[in-house]
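K.L.:
mind folding the following:
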Amino acid sequence: MKLTCPKNNRHRRFSVTAHVTQEWKVDRDGEYLKTLNDCQEVIHHPDTDDMFICLACGAEALAED
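P.N.:
Numbering: from 1, shown residues only. Purely as a prediction, here's the structure:
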């Protein structure tokens, strides 16, 4: 995959959402207490269908395979 900022092709850092599972510590009612593992498994890796935002200027990046 190649990401390009439409405002400046020298911008090289982007934000995107990934879906992950976490391991939690819970009480006996199942209520969250603490995160034990921030990223146990990645459920969805970012792909070209996702929205990538340029961290330098906020523009939506162009994503190519």
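
K.L.:
what is the neighbour count of the closest residue to residue 56 other than its chain neighbours?
P.N.:
Of all residues not flanking residue 56 in the chain, residue 11 sits nearest, at 4.2 Å (C-beta to C-beta, 6 or more residues apart in numbering). For the C-beta atoms, the positions are set from N, CA and C on the backbone; glycine is no exception. Residue 11 sits with 17 neighbouring residues when counted by other C-beta atoms under 10 Å.

K.L.:
what does residue 14 give?
P.N.:
For residue 14, the neighbour count with other C-beta under 10 Å is 19.

K.L.:
and the contacts of stretch 23-35?
P.N.:
With contact meaning C-beta atoms under 8 Å, 6 or more residues apart in numbering, stretch 23-35 is reached by 22, 36, 37, 40.

K.L.:
and of these, the nearest to residue 50?
P.N.:
Taking C-beta to C-beta as the measure, residue 50 sits nearest to residue 22 out of the contacts of stretch 23-35, at 20.1 Å.

K.L.:
which strand runs longest in this protein?
P.N.:
Longest strand of the chain, by residue count under DSSP state E: strand 32-44.

K.L.:
what's the helix or strand just after that strand in contact with?
P.N.:
For strand 32-44, the succeeding helix or strand toward the C-terminus, using DSSP states H and E, is strand 53-54. The contact list for strand 53-54, computed with C-beta under 8 Å, 6+ apart, reads 5, 7, 8, 11, 13, 14, 15, 16, 59, 60, 61.
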